[in-house]
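Enquirer: Need coordinates for the following:
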Amino acid sequence: MQILSIQSAVAYGHAGNSAAVFPMQRIGVEVLPVFTVNFSNHTGYGAWRGPVISAEDVAEVIAGVEDRGAFSSLDAVLSGYQGSEGIADVIVDAVARVKAANPDAVYACDPVMGNAKSGCFVAPAIPDLLRDKVVPVADIITPNQFELGFLTGTSPDTVESTLASVDAARAMGPRTVLVTSVERPDRPEGTIEMMAVDDAGAWIVQTPYLPMKANGSGDVTAALFTSHYVRTGDAADALARTASSVFGLLEQTHAAGTKELQLIEAQDHYAAPRMEFAPRRVR
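Expert: Model prediction:
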């Protein structure tokens, strides 16, 4: 399997492609990473150095990959943190070119914009660009509950309202939706959930909630779910594998007491997930 991954990169720590690439490689995916920014560290520190890559330069890198004849062998395009406003057009164009070369290729969009605790942390125009231009051409989207609400103009919280919001998102274009950080009021204390929905049904998986901030964990989640789902077409299995892997990563990071994900140390959780959390069908 080959995936073109268009995301941010950091030198210190793990976020964007610097979080997503290794877990995909560890499960046997050939990843072609394209960077939208090249920062010293993720922006959660409040200070960072390094450039936002211009849309023109990102397009040039992608065009060079196309020149090598790689598009026809790509199984998927994955995008995450976009950096600048012009990247949306570059991604949409790249997806169209990849699909022209390989009609079976899919596009997975992680609509990175923010979360319920910190609000939006991207350039002001990007959330609207994601909603209006990027998400409609995606086959798979992986928003958190906050991002799902923004994309659909809804306020998902219960299982029923989250399903309704997912239906609204699927009506925009993508057929498969993974919702992360699902926090419904009636869930058992000390838990957190993810929901996956496609044409075959809807499933929710519950894991313990770890009291920590884990920048980059959403990037790992989107990468692993996309890889597993593209490989098998089974949303419930992809959800179970992703939940197990990401919980293992977070559990190991929490135990280490570090601010950065223990991405390398937790690699066995990607290659051989414990499959300890069984998804429950909700539709």
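Enquirer: Every contact and neighbour count from this point should use C-alpha atoms.
Expert: OK.
Enquirer: Backbone dihedrals for residue 100, both of them.
Expert: Torsion angles at residue 100 (phi, psi; degrees, to the nearest 10) stand at phi -70, psi -40.
Enquirer: likewise residue 79?
Expert: phi -130, psi 150.
Enquirer: and the closest residue to it other than its chain neighbours, which of the three is it?
Expert: Distances taken as CA to CA, 6 or more residues apart in numbering put residue 6 closest to residue 79, at 4.7 Å, once the chain neighbours are dropped. Judged by DSSP: H, G, I helix; E, B strand; the rest coil, the three-state class of residue 6 is strand.
Enquirer: Same check on residue 34?
Expert: Per three-state DSSP, residue 34 ends up strand.
Enquirer: List the residues that contact it.
Expert: If you count contacts by CA atoms under 8 Å, 6 or more residues apart in numbering, residue 34 has them with 4-7, 58, 61-62.
Enquirer: Buried subset of those as a PyMOL selection?
Expert: Applying 16 or more other CA atoms under 10 Å to those, the buried members can be selected in PyMOL as follows:
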select buried, resi 4+5+6+7+58+62
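Enquirer: and of the contacts of residue 34, the nearest to residue 42?
Expert: Checking the contacts of residue 34 against residue 42 by CA to CA gives residue 7 as the nearest, at 12.2 Å.
Enquirer: just to revisit the earlier point, right, and the residue nearest to residue 79 touches residue 80 too?
Expert: Yes - Residue 6 lies in contact with residue 80 (CA atoms under 8 Å); the separation is 6.5 Å.
Enquirer: Show the pLDDT at residue 128.
Expert: In the predicted model, residue 128 carries a pLDDT score of 89.
Enquirer: Quickly note the distance from it to residue 13.
Expert: Going from residue 128 to residue 13 by CA to CA, to the nearest Å gives 29 Å.
Enquirer: neighbour count winner among the two?
Expert: Each of residue 128 and residue 13 had its neighbours counted (other CA atoms under 10 Å), and the higher figure belongs to residue 13 (18 against 13).
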